[in-house]
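Participant: for reference, the sequence and a predicted model appear below.
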There are 2 protein chains.
Amino acid sequence: MTEPLVKPELPGGFKDYSSRQVLARQRMMRSIETVYRRFGFVPLQTSIAQRRPVLTGGKSIENRLWDMRVDKSAITTDPDLTVTARFDLTVPLARYVAANIGTIVFPFRRYEFGDVFRGETPQAGRYCEFMQFDADIVGAALGPADAEIIACMYAVMRALGIERFLIKVNDRKVLNGFAERVGFQSGSKSAAALLRVMDKADKIGLDGVLAELSAKEAPEGEEEVFSFDAAKLDMVSRFMALTEGLATNADRLSALKEYFGGEGVGAEGVAELELIAMLVTASGVPEDAWVIDAMVARGLGYYTGPVFETVLLEKPEFGSVYSGGRFDDLVARFTGESLPSVGASVGVDRLFAALESLGAVDDTEPDVDVFIITMDRSLMADYFAMAAELRAAGVSVEINMNYQDSSNRAQMGFGLSRRAPILLFYGTGDAAKGTVGVKNTATKAQESVPRSELVAKVLTVLGRSA
Amino acid sequence: MTEPLVKPELPGGFKDYSSRQVLARQRMMRSIETVYRRFGFVPLQTSIAQRRPVLTGGKSIENRLWDMRVDKSAITTDPDLTVTARFDLTVPLARYVAANIGTIVFPFRRYEFGDVFRGETPQAGRYCEFMQFDADIVGAALGPADAEIIACMYAVMRALGIERFLIKVNDRKVLNGFAERVGFQSGSKSAAALLRVMDKADKIGLDGVLAELSAKEAPEGEEEVFSFDAAKLDMVSRFMALTEGLATNADRLSALKEYFGGEGVGAEGVAELELIAMLVTASGVPEDAWVIDAMVARGLGYYTGPVFETVLLEKPEFGSVYSGGRFDDLVARFTGESLPSVGASVGVDRLFAALESLGAVDDTEPDVDVFIITMDRSLMADYFAMAAELRAAGVSVEINMNYQDSSNRAQMGFGLSRRAPILLFYGTGDAAKGTVGVKNTATKAQESVPRSELVAKVLTVLGRSA
């Protein structure tokens, strides 16, 4: 080779998945898909590439985005002409719905899985490309649809064999109601600033929240209302402790109900949570799997009502592995009219990493059912014919191709590295007798069976019916 | 809304797939995957984003590529730092193998499906993002591995229910041998120029090829050898007609064997094809499903030996829907050493489009098994409980969420648009009696069954066992 060698590296922040990882991940994805189908969701596949204004809605957003352009094309500064990789699956869904609004019959229940891209600074466990697996109901009013999403989240977690998890449920209106109590208009910059700090409670604790609020500068233009004196800080601590120590969701709802006294947007939020709680319970979701948590906010700007997030009780450090909420105004970015919508998204890579660290990922599946030892190269046509017969019967077969390294011992080692439950031996002696050696790698028993009974024998050893 | 509306458009050259399309495509993908697994392939998933020199190997390549960069990052002109979306799955495989060469046990059989990106000029049926589904054997010498890939291609086409197709098989060495005969060194610019024109025979015919060769200017630096006088043009027509009208692959191989007379790289290519033909036949691939075709070249630069392509006999205008070949030198781009490798790739979108145009895509699958008519909103908790019971039994259920539009007739229409085989009716009368109305939408029969027998009844109507 005269050309200089290319380094076989990926760009920082990107990764490959090995065969064992993909097999385990596929099992996980299929479990999720089975549950989504049971809940009546059908698949949609949106393009990875989107127009930049579609993703941003003209606003600045929290995630740095990956722009895409064809190598020889001019670099454009016109955002309208900029192609950008999607950073989630919710915005492309809203775009799809808006573009097909005349033909879609609502409510539209779709699931989608696929890679999304964010310009993360490369570091361990944070990748620029990662997979999400979403289910959303577009065009369904608040209440039943939100409850179904929570019931679906519960069913997914159980289908994945996860026992110890907690789905936290809140309503943005509860938080907005609290901000109103403090004296900030719902939806104002001051309210947003307050809620952003409170959302950090998980990480910095109550004291951290109070310290940060005391030191925080007022958002521009709202200097008059934004201040945290002792009385307001006291309101924050009282609100954050409001549902603490209460054993049931009914108790937590009562406490919130009493706090707002039936007034303002906060009371609306509590009424929404009451309806949802009734239907989640009717769906058979047990009380210990979900909790009304008045502190959950969810970062993304587009949520308008109920919000959900799921933590693994044994791996809280992974954060939320499955989250979502109601986004009634997202389609309005394109149509000018609200369309009530709610959904949730599995962070596939994060959940997988958490399960791996729990030792809960099964990667024992064999690569093949049968590995054929090619004892004699002159019999290659026979090996191919055997493989064809077995494959026609649904058996997966690998023929040794590494015939340069022809020792039977080396080939057996290779077959075992594939975790094949069966090794086949067939040499010139077998060819003369019309038999094949079938070795069960679990019991180490080896039998010589007539060539004509090979398929039946293999199916028996595999425990399958013909 | 005060912000200007965003147009819900995709960038030119990109598309979404509707639920029905995804369901049909998923069925197709799973058929392919089942066959790949039977042939002992295991999945791999490489990153969409690659470093630019990984994809190009420093050479200019035929496809315009999509570069990717994080929005606020500086624009780099250093190709080493440029991130580029993969244009196929073979180069990322070679990169993965080179990066993990110490831990992979060869031969390494992997399949991968995923989106690839090319800077196509937007036009009907040519998209910038499309899916491929590859299977490759890396680290296996020529012969058995190539035959297995062809047997696998045949099995995939049959598993997809396609009857009328033809897998065309050739060897690059046959074409290089012909170029030598004409007087061009194997692998020279002149040989490449000749083969590129001959590869167009499908589109422009023999006369077109001859006309183009006569008019063609010599590649730079090879003016002395590159000329097409009458004698050379005659050689081209004779070679192109060499296997024409020959009924069997054995006859075609004989004609090629005789042509090269056992000499040069052409004879090597014929010997390779003979070995492959023997094993393809042993695999049970019938003679009418594949053909030795001395004119097949395949565009991509990295093929070194046998090459394959598959046409649908009823839709030849779609071109090759499944193609591949041997690429012994691709890993050498990274390691400096050749690693014998062979594989093939389904053009998922192209094949799907061809099958759609043949009317061979089944999109009759119901979205849900059961649609629950919410006759009375006060019974919503009961609907949720029924859905939970049915889903626990593996039945997919949609609860009507569109309760604003509460007429039973409208809800029935909606359930039928979901192709639900069963509609459930449950109102206050049923609640009092403890019964549920189960309507079979195929027979239009409706029965009132005790609430406690609902799951059993639904499973019976669906033809499933409890």
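Facilitator: Structure received. Numbering: from 1, shown residues only, chains lettered A, B, ... in the order given.
Participant: pairing partners for the residue lying closest to A:Leu454 once chain neighbours are set aside in the sheet, please.
Facilitator: What sits nearest to A:Leu454 in space, not counting adjacent residues and going by C-beta to C-beta, 6 or more residues apart in numbering or on different chains, is A:Val436, at 5.3 Å. Backbone N, C-alpha and C define where each C-beta goes, glycine included. Under DSSP bridges, the beta-bridge partners of A:Val436 are A:Val449.
Participant: residues touching A:Val436, list them.
Facilitator: Residues in contact with A:Val436 (C-beta atoms under 8 Å, 6 or more residues apart in numbering or on different chains) are A:386, A:424-426, A:430, A:448-451, A:454.
Participant: of those residues, which is the most crowded?
Facilitator: Greatest neighbour count in the contacts of A:Val436, by other C-beta atoms under 10 Å in any protein chain shown, goes to A:Leu424: 28 neighbours.
Participant: so where's chain A uncertain?
Facilitator: Along chain A, segments meeting pLDDT under 70 span A:1-2, A:62, A:122-125, A:300, A:403-405, A:466.
Participant: how does it divide into domains?
Facilitator: A:135-357, A:370-462 (automatic domain parsing).
Participant: most neighbours per residue, which of those domains?
Facilitator: Highest mean neighbour count among the domains of chain A (mean count of other C-beta atoms under 10 Å in any protein chain shown): domain A:135-357, with a mean of 19.
Participant: that one near chain B anywhere?
Facilitator: Yes. Using C-beta under 8 Å from any C-beta of the partner chain, we find that domain A:135-357 touches chain B at A:137, A:139-141, A:143-145, A:147-148, A:151, A:155, A:278-279, A:281-284, A:332-336.
Participant: which ones are touching A:Gly324?
Facilitator: A:134, A:136, A:149, A:153, A:298, A:307-308, A:342-345.
Participant: and those residues, which is closest to A:Lys72?
Facilitator: A:Asp134 (35.0 Å; C-beta to C-beta).
Participant: and the closest one, that's in a strand?
Facilitator: Yes. Applying DSSP: H, G, I helix; E, B strand; the rest coil, one finds A:Asp134 inside a strand.
Participant: wait, it touches A:Val91, no?
Facilitator: No. Using C-beta atoms under 8 Å, A:Asp134 is not in contact with A:Val91; the gap is 11.0 Å.
Participant: circling back: what would the contacts of A:Gly324 look like in JSON lines with distance to A:Pro8 and secondary structure?
Facilitator: Converted to JSON lines, the contacts of A:Gly324 look like this (distance: C-beta to C-beta, whole Å; DSSP: H, G, I helix; E, B strand; the rest coil):
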{"residue": "A:Asp134", "distance to A:Pro8": "33", "secondary structure": "strand"}
{"residue": "A:Asp136", "distance to A:Pro8": "39", "secondary structure": "strand"}
{"residue": "A:Ile149", "distance to A:Pro8": "42", "secondary structure": "helix"}
{"residue": "A:Met153", "distance to A:Pro8": "40", "secondary structure": "helix"}
{"residue": "A:Arg298", "distance to A:Pro8": "39", "secondary structure": "coil"}
{"residue": "A:Val307", "distance to A:Pro8": "43", "secondary structure": "strand"}
{"residue": "A:Phe308", "distance to A:Pro8": "41", "secondary structure": "strand"}
{"residue": "A:Val342", "distance to A:Pro8": "44", "secondary structure": "strand"}
{"residue": "A:Gly343", "distance to A:Pro8": "39", "secondary structure": "strand"}
{"residue": "A:Ala344", "distance to A:Pro8": "38", "secondary structure": "strand"}
{"residue": "A:Ser345", "distance to A:Pro8": "33", "secondary structure": "strand"}
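Participant: make TSV from those residues and add distance to B:Ile292 to it.
Facilitator: Shown next, in TSV, are the contacts of A:Gly324 (distance: C-beta to C-beta, whole Å):
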residue	distance to B:Ile292
A:Asp134	48
A:Asp136	52
A:Ile149	57
A:Met153	56
A:Arg298	61
A:Val307	63
A:Phe308	60
A:Val342	59
A:Gly343	53
A:Ala344	54
A:Ser345	51
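Participant: closest one to A:Ala218 out of the residues you listed, please.
Facilitator: A:Arg298 (24.3 Å).
Participant: OK, contacts around the closest residue to the closest one other than its chain neighbours?
Facilitator: Excluding the flanking residues, the one nearest A:Arg298 by C-beta to C-beta, 6+ apart is A:Val307, at 4.4 Å. Contact partners of A:Val307, counting by C-beta under 8 Å, 6+ apart, are A:169-172, A:296-298, A:323-326.
Participant: ok, A:Leu416 next?
Facilitator: A:423, A:441.
Participant: still on that earlier bit, in helices only, show me the residues of domain A:135-357 next to chain B.
Facilitator: A:144-145, A:147-148, A:151, A:155, A:278-279, A:281-282, A:332-335 (DSSP state H).
Participant: report whether the helix or strand harbouring A:Leu424 contacts chain B.
Facilitator: Following DSSP states H and E, one finds A:Leu424 within strand A:422-426. No. Applying C-beta under 8 Å from any C-beta, one finds strand A:422-426 out of contact with chain B, separated by at least 12.4 Å.
Participant: and that strand, what other elements does it pack with?
Facilitator: strand A:370-374, helix A:380-392, helix A:408-417, strand A:435-440, helix A:454-462 (3 or more C-beta pairs under 8 Å, 6 or more residues apart in numbering or on different chains; DSSP states H and E).
Participant: could you export that strand as CSV, CA atoms only?
Facilitator: Provided in CSV are the C-alpha atoms of strand A:422-426 (Å, rounded to 0.1, in the frame of the first residue of the first chain):
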residue,chain,number,x,y,z
ILE,A,422,-24.3,-28.1,18.2
LEU,A,423,-21.1,-28.9,16.3
LEU,A,424,-21.3,-31.1,13.2
PHE,A,425,-18.4,-33.4,12.2
TYR,A,426,-18.3,-34.9,8.7
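Participant: is the first helix or strand past it going along the chain anywhere near chain B?
Facilitator: Once the chain leaves strand A:422-426, the next helix or strand it forms, by DSSP H and E, is helix A:428-433. No. Applying C-beta under 8 Å from any C-beta, one finds helix A:428-433 out of contact with chain B, separated by at least 13.6 Å.
Participant: and the contacts of helix A:428-433?
Facilitator: For helix A:428-433, contacts defined as C-beta under 8 Å, 6+ apart pick out A:375-376, A:378-379, A:382, A:436-437, A:448.
Participant: including distance to A:Asp367, could those go into JSON lines?
Facilitator: Shown next, in JSON lines, are these (distance: C-beta to C-beta, whole Å):
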{"residue": "A:Met375", "distance to A:Asp367": "21"}
{"residue": "A:Asp376", "distance to A:Asp367": "24"}
{"residue": "A:Ser378", "distance to A:Asp367": "27"}
{"residue": "A:Leu379", "distance to A:Asp367": "23"}
{"residue": "A:Asp382", "distance to A:Asp367": "23"}
{"residue": "A:Val436", "distance to A:Asp367": "21"}
{"residue": "A:Gly437", "distance to A:Asp367": "21"}
{"residue": "A:Ser448", "distance to A:Asp367": "26"}
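Participant: which of the residues you listed sit farthest apart?
Facilitator: A:Ser378 and A:Ser448 (20.3 Å).
Participant: contact partners for A:Ala420?
Facilitator: A:366-371, A:398, A:441.
Participant: excluding its backbone neighbours, what's nearest it?
Facilitator: A:Phe371 (3.9 Å).
Participant: and A:Phe14, by the same measure?
Facilitator: Closest to A:Phe14 by C-beta to C-beta, 6+ apart is B:Ser47, at 4.1 Å.
Participant: quick check: that neighbour touching A:Gly12?
Facilitator: No. At 11.2 Å, B:Ser47 and A:Gly12 do not qualify as touching, with contact defined as C-beta under 8 Å.
Participant: straight-line length of stretch A:330-340, end to end?
Facilitator: With C-alpha to C-alpha, to the nearest Å as the measure, stretch A:330-340 spans 9 Å from end to end.
Participant: what's next to that stretch, contact-wise?
Facilitator: A:54, A:57, A:90-91, A:94-95, A:97-99, A:101, A:106, A:138-142, A:145, A:302, A:326, A:328-329, A:341, B:1, B:3, B:5-8.
Participant: for chain B, what is the nearest residue in the stretch 151-300 of chain A?
Facilitator: For the stretch 151-300 of chain A and chain B, the shortest gap (C-beta to the nearest C-beta) falls at A:Ala282, measuring 3.7 Å.
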